[in-house]
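Engineer: curious how this folds, go ahead:
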Amino acid sequence: MIKILTNALRFILLVALQVFLLKNMVIYGLNVPYLYILFILLLPFETPNWLLFILSFLLGISVDLFTDTLGLHASACIILAFFRTVIIRVTVQDDNYDSDPEPTLAIMGFRWFFFYGLTLTLIHHFFLLNFEVFKFSEITNTLSRVFISSLFTLILIFIAELIFFKKKERK
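Structural biologist: Numbers count the residues shown, from 1 in each chain. The predicted structure follows:
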């Protein structure tokens, strides 16, 4: 029950932070950091895929409703959820998360969390910004926006991880 409340609070907080603060934070005229994807990244390992996809869609459509981009964030979040399942299946063994159910920096370690966060952030931003532009002639501009916004998003993800999560002992 506490996990459900924690995740519901995290959902509301990240959507509110994204739509009221971060959407107005255009960095160097290139793009906005998308911290709201942290919700999908931090969902417990044992979250069923059907629930993961529903929550991803709800997260994306919530951001879409506030930013007048119906469908862009929702589709990018669903793609992110798909790749999250693939990366977790490939990189995490089942016995690693029996007692540690969340993929956090404190539990999984810096190297794993950095690879996990970087890969999924790049995937999300690549699809989101390509869906937004949808022109092959703009690919160099889009890729620069993907890398810069991914960098700033990843920095914010690590700051949030360092501020809000306690260090736990890993088995």
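Engineer: what is the least confident helix or strand in the protein?
Structural biologist: Using mean pLDDT, DSSP states H and E, the weakest-scoring helix or strand in the chain turns out to be helix 105-108, at a mean of 83.
Engineer: give me the next element, helix or strand, following that one.
Structural biologist: As assigned by DSSP states H and E, the chain's next helix or strand after helix 105-108 is helix 110-133.
Engineer: so what touches that next one?
Structural biologist: Under the contact criterion Cβ atoms under 8 Å, 6 or more residues apart in numbering, helix 110-133 has outside partners 31, 34, 37, 40-41, 69, 72-73, 75-77, 79-80, 83-84, 87, 91, 103-105, 108, 141-142, 145-147, 149-150, 153-154, 157-158, 161. Bear in mind the C-beta positions are built from the backbone N, C-alpha and C, glycine included.
Engineer: what comes up buried for it?
Structural biologist: For helix 110-133, a neighbour-count test (16 or more other Cβ atoms under 10 Å) marks 113, 116-117, 120-130, 132 as buried.
Engineer: before we move on, what about stretch 140-159?
Structural biologist: Using 16+ other Cβ under 10 Å as the test for burial, stretch 140-159 gives 142, 145, 146, 148, 149, 150, 151, 152, 153, 154, 156, 157.
Engineer: do the same with stretch 33-52
Structural biologist: Within stretch 33-52, the residues that qualify as buried are 33-43, 45, 47, 52, counting by 16+ other Cβ under 10 Å.
Engineer: any idea how far the longest helix along the chain is from the middle of the chain?
Structural biologist: Ordering each helix of the chain by length in residues (DSSP state H) puts helix 139-164 first. Chain-centre distance of helix 139-164: 10 Å, with Cα atoms, centre = their mean, to the nearest Å.
Engineer: ok, back up a step: output the least confident helix or strand of the chain as PDB, restricted to C-alpha atoms.
Structural biologist: Backbone C-alpha positions of helix 105-108 (Å, rounded to 0.1, in the frame of the first residue of the first chain) are rendered in PDB as follows:
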ATOM      1  CA  LEU A 105      20.700   4.500  -7.900                       C
ATOM      2  CA  ALA A 106      21.100   3.500  -4.300                       C
ATOM      3  CA  ILE A 107      20.000  -0.100  -4.800                       C
ATOM      4  CA  MET A 108      21.500  -0.900  -8.200                       C
END
